[in-house]
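# structure for the following, please:
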Amino acid sequence: MMTSKERVWRALAFEEPDRVPFGEFAVDFEMVTHVLGRPSLFRGRFLEDQALAEGRWEELAEDYRRDYAEVVEHFGWDIVILTLMPPRNGSYKPWRQAPDGLYTHGDGRWFARSPQNWMIQMRDDSPHGDPLPPLESIVYREPALPDASCFVALDALIERFGATHFIVLRLPLGFDYPLFGLTYEESLINLLEAEAHVERWLDVERRKALALTRKLLDRCPGADAVMLSTDYAHNGGPFVAPALFRRWILPGIRSVADEVHGRGKKLIQHACGNNAALLELFIEAGIDVYQSIQFSAGMDLRLLKEQCGRRLALWGGASVESMTAGSPADVRREVLYALRHAAPGGGFILGTSHSVGVGTKPANYEALVRTLGANGHYPIGPLAAL
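Residues are numbered from 1 along each chain as shown. Have a look, this model is predicted:
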């Protein structure tokens, strides 16, 4: 029987391992609490913010070390995601709640807590960015390696799973579009009109990202892959035209991909939305695995497998919508569809279309696990009717 690490590596070589690999980009505190039968701060979002502001860093670190590991083992995931923690001695401000239910740090910006995922999200009428700065102020400064306390949970997970599981280091960076402006509208206008600012900012960010990637990989040589997690599309398509993505974003991803591949590792891109118009650019940039495949945004695994073939591995299969609002039968149907159309020939990892988020029904996620166990062994044989 293969180890989880061997299983994923075989699949990413577009070969068929003993069974389809299985893992998740993330799991939120609600499912962690359900599985363990005790409260957890792991990916608690608002709860994490409050714990840090209350000086409970050690408690959070213990949950990141212990609780996530226990969930990985409970579900039998093949992939372990390493995430840097907030620093022990960081400056954390408590959220102040107004009578209307909004939250603020007292800086003039107002946020609402999402009842769906407990994320704190900025109101549309709050300032979203900064005014256009002087061009000469956009300069490169060598990024420092994060504080040693940020690696406490990460190191513990590598020690526990490094020899057996496929280890993914989630980079605390991404390649995004500069937001020069106090509103989204102003920022979008500046993308096209402040060309010198945009080009200089992108060059600085590319250099910083590459330097930090090198430092993190030197610090964490046990990682098998790294993950970028920036969204480039909404449900209707890319935020900007593919030609602008090629000009602004692709060079940065390519530089990180070259560094990662030079060390014998893989590059994973987490990207929500309808990325159909960007897939060829993902491949050109050197991305090895595309994760966060949203059927609800028009991303069909059957069509993706036909288009990408052996050029881009796919990670997904069960929609978040079915996990939160559907039934076990809905989940089973989606998993069987994914196994039938994306698993043959390797190059496929089963998981949700995003993560095991708040609102996921435990019975629905267990349906995913059971369906994989019954149908996910290679060679993929005849599957039950969809």
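# okay, buried residues for stretch 101-114 please.
Within stretch 101-114, the residues scored as buried using 16 or more other Cβ atoms under 10 Å are Leu102, Tyr103, Thr104, Trp110, Phe111, Arg113. Placement of C-beta: from N, CA and C, glycine included.
# so how far is that stretch from its chain's centroid?
25 Å (Cα atoms, centre = their mean, to the nearest Å).
# rounded mean pLDDT for it, please.
Averaging pLDDT along stretch 101-114 yields 78.
# repeat for stretch 161-179
For stretch 161-179, the per-residue pLDDT averages 92.
# buried stuff in that stretch?
Under 16+ other Cβ under 10 Å, the buried positions of stretch 161-179 are 161-162, 165-171, 173-175, 177-179.
# off-centre distance for that stretch?
Taking Cα atoms, centre = their mean, the mean C-alpha location of stretch 161-179 is offset from the chain mean by 8 Å.
# now do the end-to-end distance for that stretch.
39 Å (Cα to Cα, to the nearest Å).
# do the same with stretch 40-49
End-to-end distance (Cα to Cα), stretch 40-49: 13 Å.
# which residues are contacting that stretch?
Stretch 40-49 is contacted from outside by 26-29, 32-33, 51, 56, 59-60, 63-64, 67-68, 86, 92, 95, 113, 117-120, using Cβ atoms under 8 Å, 6 or more residues apart in numbering.
# in strands, which of the buried residues of stretch 161-179 fall?
Within the buried residues of stretch 161-179, residues falling in strands by DSSP state E are Phe166, Ile167, Val168, Leu169, Arg170.
# the third one and Thr83 touch, don't they?
Same thing as Val168. No - here Val168 does not reach Thr83: they are 9.6 Å apart, not a contact under Cβ atoms under 8 Å.
# residues touching the spatially closest residue to Arg7 that is not a sequence neighbour, list them.
Nearest non-adjacent residue to Arg7, counting by Cβ to Cβ, 6 or more residues apart in numbering: Pro17, 4.4 Å away. Pro17 makes contact with Met2, Glu6, Arg7, Val8, Arg10, Ala11, Gly346, Tyr378, according to Cβ under 8 Å, 6+ apart.
# any quick ChimeraX command for the buried ones out of the residues you listed?
Filtering the contacts of Pro17 down to the buried ones (16+ other Cβ under 10 Å) takes a single ChimeraX command:
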select :6,7,8,10,11,346,378
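# inside helices: which ones of the contacts of Pro17?
If you go by DSSP state H, the contacts of Pro17 have Glu6, Arg7, Val8, Arg10, Ala11 in helices.
# pull the contacting residues for the second one.
Right, the one you point to is Arg7. Arg7 neighbours (Cβ under 8 Å, 6+ apart): Pro17, Asp18, Arg19, Pro21, Asp78, Phe166.
# for Arg45, see how far away the fifth one is.
Which is Asp78. 26 Å (Cβ to Cβ, to the nearest Å).
# among the two, which residue is more densely surrounded?
Here Asp78 and Arg45 are set side by side on neighbour count (other Cβ atoms under 10 Å), and the busier one is Asp78, at 26 against 17.
# now do the same contact list for that one.
Neighbours of Asp78 in contact, by Cβ under 8 Å, 6+ apart: Ser4, Lys5, Arg7, Val8, Pro21, Phe22, Gly23, His165, Phe166, Ile349.
# for it, which non-adjacent residue is closest in space?
Closest to Asp78 by Cβ to Cβ, 6+ apart is Ser4, at 3.6 Å.
# related to what we said a few turns ago, ok, the ones in helices among the contacts of Pro17 vs Thr360, which is closest?
Using Cβ to Cβ, Val8 comes nearest to Thr360 of the ones in helices among the contacts of Pro17, at 22.9 Å.
# so that closest one sits against Val80, correct?
No - the pair Val8 and Val80 does not pass the contact test of Cβ under 8 Å, sitting 10.4 Å apart.
# please flag which of the contacts of stretch 40-49 sit within helices.
Phe29, Val32, Thr33, Ala51, Glu59, Leu60, Tyr68.
# pick the one among those residues closest to Leu304.
Out of the ones in helices among the contacts of stretch 40-49, the member with the shortest distance to Leu304 (by Cβ to Cβ) is Tyr68, at 28.9 Å.
# give me the buried positions along the host helix or strand of Pro251.
Here Pro251 sits within helix 250-262, counting by DSSP states H and E. Across helix 250-262, burial judged by 16+ other Cβ under 10 Å covers Leu250, Gly252, Ile253, Arg254, Ser255, Val256, Ala257, Glu259, Val260.
# format these as a markdown table; extra columns: distance to Thr213 and pLDDT.
Output for the buried residues of helix 250-262, formatted as a markdown table (distance: Cβ to Cβ, whole Å; pLDDT from 0 to 100):
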| residue | distance to Thr213 | pLDDT |
| --- | --- | --- |
| Leu250 | 16 | 97 |
| Gly252 | 10 | 96 |
| Ile253 | 11 | 97 |
| Arg254 | 12 | 98 |
| Ser255 | 9 | 97 |
| Val256 | 5 | 97 |
| Ala257 | 10 | 98 |
| Glu259 | 6 | 98 |
| Val260 | 7 | 98 |
